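> I need the structure of the sequence given here:
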Amino acid sequence: MKTDKNIEDMALLSSLRKGEQKAFDSLFRKYYPMLCAYAHRFVDLEDAEEIVQDVMLWLWENREILLIES
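Below you'll find the model as predicted:
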């Protein structure tokens, strides 16, 4: 069952694929802290932040071919 958050995220991803910077900014602000916290479980915080930044950059650069199914 899709929740309101899932629907919102799908709308953001759809906008991201179209190259809308606001959608990327929203996704970045929403997920960056959680992703850093998760990555910090495995590496130092500074490295975790760099890894997450790299992933977010990859996401932006590959937005047109991005395929997220779940």
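> so where's this structure shaky on pLDDT?
1-2, 70 (pLDDT under 70).
> tell me the helices in it, going along the chain?
Applying DSSP state H to the chain gives helices spanning 4-17, 21-40, 45-61.
> out of the ones you listed, nearest to E69?
Nearest to E69, of all the helices of the chain, is helix 4-17, at 10.6 Å by C-beta to C-beta. Placement of C-beta: from N, CA and C, glycine included.
> and the contacts of the closest one?
2, 22-24, 26-27, 59-60, 63-64, 66, 68 (C-beta atoms under 8 Å, 6 or more residues apart in numbering).
> report the two of the residues you listed separated the most.
Using C-beta to C-beta, these span at most 25.0 Å, a distance reached by K2 and W60.
> please say which of those two ends up with more neighbours.
Taking neighbours as other C-beta atoms under 10 Å, K2 and W60 compare with W60 leading, 14 against 8.
> which residues touch the residue lying closest to that one once chain neighbours are set aside?
Nearest non-adjacent residue to W60, counting by C-beta to C-beta, 6 or more residues apart in numbering: F24, 5.5 Å away. Shown in contact with F24 (C-beta under 8 Å, 6+ apart): 16, 59-60, 63.
> which of the residues you listed are buried?
Buried subset of these (neighbour count, 16 or more other C-beta atoms under 10 Å): 16, 59, 63.
> closest to C36 among those residues?
L59 (14.7 Å).
> spatially nearest residue to that closest one (excluding sequence neighbours)?
Excluding the flanking residues, the one nearest L59 by C-beta to C-beta, 6+ apart is L66, at 7.0 Å.
> tell me how many other residues crowd the closest residue in space to D47 that isn't next to it in sequence.
In space, and not counting its chain neighbours, D47 is closest to A39: 7.7 Å by C-beta to C-beta, 6+ apart. By the measure other C-beta under 10 Å, the count of residues near A39 is 18.
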